[in-house]
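Q: After the sequence you'll find the predicted model.
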Amino acid sequence: MRRRTVSTLALAERAEDDHGSGAEPGTPPARTTQPPKLQTEFEFELPRGYVDDSGTVHRHGSMRLATARDELAPLIDLRVKQNPAYLSVVLLSLVITRIGSITEVHAELVEKLFASDLAFLQDFYRRINAEGHTRAAVTCPACDASFEVDIAGGRPGES
């Protein structure tokens, strides 16, 4: 028995020849819709902000999704081996891509964040990596209405 190799392009051309394109002559082919792109970077606004050496406050930033390497790399870091609580500082320094105009985020910078900003970033990390979004379900204490807010940040009163 003899084997024959057929490319996918040849199969597509043959199927079109067999069935016709189904379109009127002279009409452009129908466009296929692209699947939605995965969002890999998320903007945030720190509750207090990072204060640099010149006194400038940096509040807006961005964080990318963590990779397996990001999760594993801190485990061999000597600072983490000496103090396991340092894990979140090292991990955040790997995934934060920008705080204000600062694009070189390192562990020493994360150490200088206010505790409320560190807690915000830890929760933000968990939300985008485990849940895939920055929305949180909340309930109004006055009227008991349930709704979602975007915790990525914004001006007070905005969601």
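A: Good, I have the coordinates.

Q: going forward, measure contacts and count neighbours with C-alpha atoms only.
A: OK.

Q: element containing residue 43?
A: Under the criterion of DSSP states H and E, residue 43 resides in strand 41-51.

Q: Can you give the strand pairings for that strand, parallel or anti for each?
A: strand 57-64 (antiparallel) (DSSP bridges).

Q: Give the lowest-confidence helix or strand of the protein, using mean pLDDT as the measure.
A: Least confident helix or strand of the chain, by mean pLDDT, DSSP states H and E, is helix 8-19 with a mean of 50.

Q: all helices of this structure, in order?
A: For the chain, applying DSSP state H gives helices covering 8-19, 68-72, 78-82, 87-95, 107-111, 115-126.

Q: most neighbours per residue, which of those?
A: helix 87-95 (a mean of 21; mean count of other CA atoms under 10 Å).

Q: So which residues lie in contact with that one, not counting its own?
A: Helix 87-95 is touched from outside by 63-66, 70-71, 74-75, 80, 105-107, 109-111, 121-122, 125, with contacts defined as CA atoms under 8 Å, 6 or more residues apart in numbering.

Q: Repeat that for stretch 107-118.
A: Contacts of stretch 107-118 (CA under 8 Å, 6+ apart): 46-51, 89-90, 92-93.

Q: Take those residues and lay them out in TSV including distance to residue 35.
A: As requested, the contacts of stretch 107-118 are exported to TSV (distance: CA to CA, whole Å):
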residue	distance to residue 35
46	32
47	35
48	38
49	36
50	37
51	41
89	35
90	34
92	30
93	31
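
Q: List the buried residues for the strand holding residue 43?
A: 42-47, 49-50 (16 or more other CA atoms under 10 Å).

Q: what does it contact?
A: For strand 41-51, using CA under 8 Å, 6+ apart, the contacting residues are 57-65, 99, 112-114, 116-117, 120-121, 128, 151-154.

Q: As CSV, the contacts of stretch 107-118 with pLDDT would be great.
A: Shown next, in CSV, are the contacts of stretch 107-118 (pLDDT from 0 to 100):
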residue, pLDDT
46, 97
47, 97
48, 97
49, 97
50, 97
51, 97
89, 97
90, 97
92, 98
93, 97
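
Q: between those, which is closest to residue 37?
A: Distance to residue 37, by CA to CA, is smallest for residue 92 among the contacts of stretch 107-118, at 24.1 Å.

Q: I'd like the distance between the closest one and residue 66.
A: Distance, residue 92 to residue 66, using CA to CA, to the nearest Å: 9 Å.

Q: same thing with residue 113?
A: 20 Å.
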